[in-house]
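In: With the sequence up front, the predicted model follows.
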Amino acid sequence: MLYSKEVDQSGLVRYGILGLGIGMAHVGAAAVCNKCVLCAVADLDETRRANFNAEYPDVPAYNTLEEMLAAENLDAVSICLPTGMHADYAVRAMEAGVHVLVEKPIDVTVEKALPVIEAAKKTGKKCGVVFQNRYNFGLDPVYEALSDGTLGKIFLGTFAVKWHRDAAYYAANGGWRGTWEMDGGGSLMNQSIHTVDLMLQLMGKPKSITSQMRLCGHDIESEDLTVSTLTFESGAVATFTSTTCAYPGICTEISLTCENGYVALDTDKLTLWKLRGATPEEEAEKLARYSVGNRKAQKLCRGRLFGHKRVIDDFCSAILEDRDPAVSAEEGLLPLRVICAAYESAKSGKTIFFD
């Protein structure tokens, strides 16, 4: 909920947000969360602060993390800065005594991300990573069918992020996107890490990855197209494609070929459901229910939380209940490891094996 002098903050997480780009999604989530009170935000950009205060006049807006922490008695903060700044500020915040929720990815390399995990252990503070797509409504029946064995063994996974980003997108905000230093890469690191995370959730621990990358349609440092082949400890294989050249922005494809059927999704919607032994009516009913996407599902499920609302609700619950968040820093490191291995494979021309 939002800060005001009338709000009783006892029993609530006193929450702050650093960065008002993607951080505005955190603002919206914290504003409706009944487990926290949004006490402050911080951003170096004066225009962003002014726009924020025009919408939320009672919530103080500061320049820096240090100013915000000095002025407010916060319990937790979301780190919503350019990727290459995530780890540094996450460590600073935990060392200052607050719990931290980091936007994806933790940072641009595994080496830069590891101090975040160490700081969480050293300080005893909760550290979560934002992977809100895990809660996409269309995934519910897939998770269930994999868990109870209905789908059987996975043979093949197909994942493709076919998006479009124009030159203005990469030039905005100082041009940090698409750079190795601040973005960690291009279409795979920035646009596709959520789908990489879902691939790992669905298919398990990876064994190897072989990748290629190209720069096709943009004037940036990193890539705008990748193609990877992965093997998994289960024996399954997968392909993963990412691009920001797919004008005007096409889809996010996920499909699983299994011993008892085939399922497919586009982002948060179930698009195909074929099970051995299922009647056409049963398959149609499944599609009718789970092809609506998160927004319509909120009404269908009587206000069920999706996206950043679900993440912040869980993170605040983890603080209040003294447990790990749904995606801890250690778990949030796994998609980053896969992406960095893909880049290593593409640059070296070699297959990279995971420990």
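Out: Done, it's in.
In: can you give me the strands for the stretch 1-150 of the chain?
Out: Applying DSSP state E, counting those that start in this stretch to the stretch 1-150 of the chain gives strands spanning 13-18, 36-42, 61-62, 76-79, 99-102, 127-129.
In: I'd like the mean pLDDT over the fourth one, please.
Out: Averaging pLDDT along strand 76-79 gives 98.
In: hmm, back to that, would you turn the strands of the stretch 1-150 of the chain into CSV with mean neighbour count and distance to T239?
Out: C-betas here are computed from N, CA, C, even on glycine. Output for the strands of the stretch 1-150 of the chain, formatted as CSV (neighbours: other CB atoms under 10 Å; distance: least, CB to CB, whole Å):
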stretch, mean neighbour count, distance to T239
strand 13-18, 27, 37
strand 36-42, 25, 40
strand 61-62, 20, 45
strand 76-79, 28, 32
strand 99-102, 27, 29
strand 127-129, 28, 25
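In: Of those, give the one that comes closest to D88.
Out: The closest of those to D88 is strand 76-79. By CB to CB, the value is 9.3 Å.
In: Can you list the neighbours in contact with the closest one?
Out: 13-19, 23, 26, 30, 36, 65, 68-69, 85-86, 89-90, 93, 98-103, 126, 312, 315-316, 319 (CB atoms under 8 Å, 6 or more residues apart in numbering).
In: Just the helices from the stretch 1-150 of the chain, written as ranges.
Out: Using DSSP state H, counting those that start in this stretch, the helices found in the stretch 1-150 of the chain span residues 23-32, 46-55, 65-71, 86-95, 110-123, 140-147.
In: can you redo those as JSON lines with mean pLDDT, mean neighbour count and distance to K205?
Out: Listed next are those as JSON lines, based on pLDDT from 0 to 100; neighbours: other CB atoms under 10 Å; distance: least, CB to CB, whole Å:
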{"stretch": "helix 23-32", "mean pLDDT": "96", "mean neighbour count": "22", "distance to K205": "30"}
{"stretch": "helix 46-55", "mean pLDDT": "96", "mean neighbour count": "13", "distance to K205": "40"}
{"stretch": "helix 65-71", "mean pLDDT": "98", "mean neighbour count": "17", "distance to K205": "35"}
{"stretch": "helix 86-95", "mean pLDDT": "98", "mean neighbour count": "22", "distance to K205": "24"}
{"stretch": "helix 110-123", "mean pLDDT": "98", "mean neighbour count": "17", "distance to K205": "16"}
{"stretch": "helix 140-147", "mean pLDDT": "97", "mean neighbour count": "16", "distance to K205": "15"}
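In: which one of those lies closest to K350?
Out: Ranking the helices of the stretch 1-150 of the chain by their distance to K350 (criterion: CB to CB) puts helix 110-123 first, at 17.5 Å.
In: quick one: the nearest residue to G261 once chain neighbours are set aside from G185, how far?
Out: Closest residue to G261 apart from its sequence neighbours, by CB to CB, 6 or more residues apart in numbering: L275 at 3.9 Å. Distance of L275 to G185, computed by CB to CB, to the nearest Å: 37 Å.
In: Compare these two (neighbour count), which wins?
Out: Neighbours were counted for L275 and for G185 using other CB atoms under 10 Å; G185 has more, 30 against 18.
In: Check for me that that one belongs to a strand.
Out: No: G185 is assigned coil when assessed by DSSP: H, G, I helix; E, B strand; the rest coil, not a strand.
In: That one: what's it in contact with?
Out: Counting by CB under 8 Å, 6+ apart, G185 touches 108, 222-223, 339, 343.
In: Nearest to K269 among those residues?
Out: Closest approach to K269 among the contacts of G185 (CB to CB): I339, at 24.7 Å.
In: Please identify the helix or strand for that closest one.
Out: Counting by DSSP states H and E, the element that carries I339 is helix 329-348.
In: Can you show me the CA trace of that helix as PDB?
Out: Provided in PDB are the C-alpha atoms of helix 329-348 (Å, rounded to 0.1, in the frame of the first residue of the first chain):
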ATOM      1  CA  ALA A 329      19.700 -15.200  -5.500                       C
ATOM      2  CA  GLU A 330      21.200 -18.700  -5.900                       C
ATOM      3  CA  GLU A 331      18.300 -19.800  -8.000                       C
ATOM      4  CA  GLY A 332      18.300 -16.600 -10.000                       C
ATOM      5  CA  LEU A 333      21.900 -17.200 -11.000                       C
ATOM      6  CA  LEU A 334      21.000 -20.300 -13.100                       C
ATOM      7  CA  PRO A 335      19.500 -18.500 -16.100                       C
ATOM      8  CA  LEU A 336      22.400 -16.100 -16.100                       C
ATOM      9  CA  ARG A 337      24.800 -19.100 -16.200                       C
ATOM     10  CA  VAL A 338      23.100 -20.500 -19.200                       C
ATOM     11  CA  ILE A 339      23.100 -17.200 -21.100                       C
ATOM     12  CA  CYS A 340      26.700 -16.500 -20.400                       C
ATOM     13  CA  ALA A 341      27.600 -20.100 -21.500                       C
ATOM     14  CA  ALA A 342      25.600 -19.400 -24.700                       C
ATOM     15  CA  TYR A 343      27.700 -16.300 -25.400                       C
ATOM     16  CA  GLU A 344      30.900 -18.200 -24.600                       C
ATOM     17  CA  SER A 345      29.900 -21.000 -27.000                       C
ATOM     18  CA  ALA A 346      29.100 -18.500 -29.800                       C
ATOM     19  CA  LYS A 347      32.400 -16.600 -29.400                       C
ATOM     20  CA  SER A 348      34.500 -19.700 -29.100                       C
END
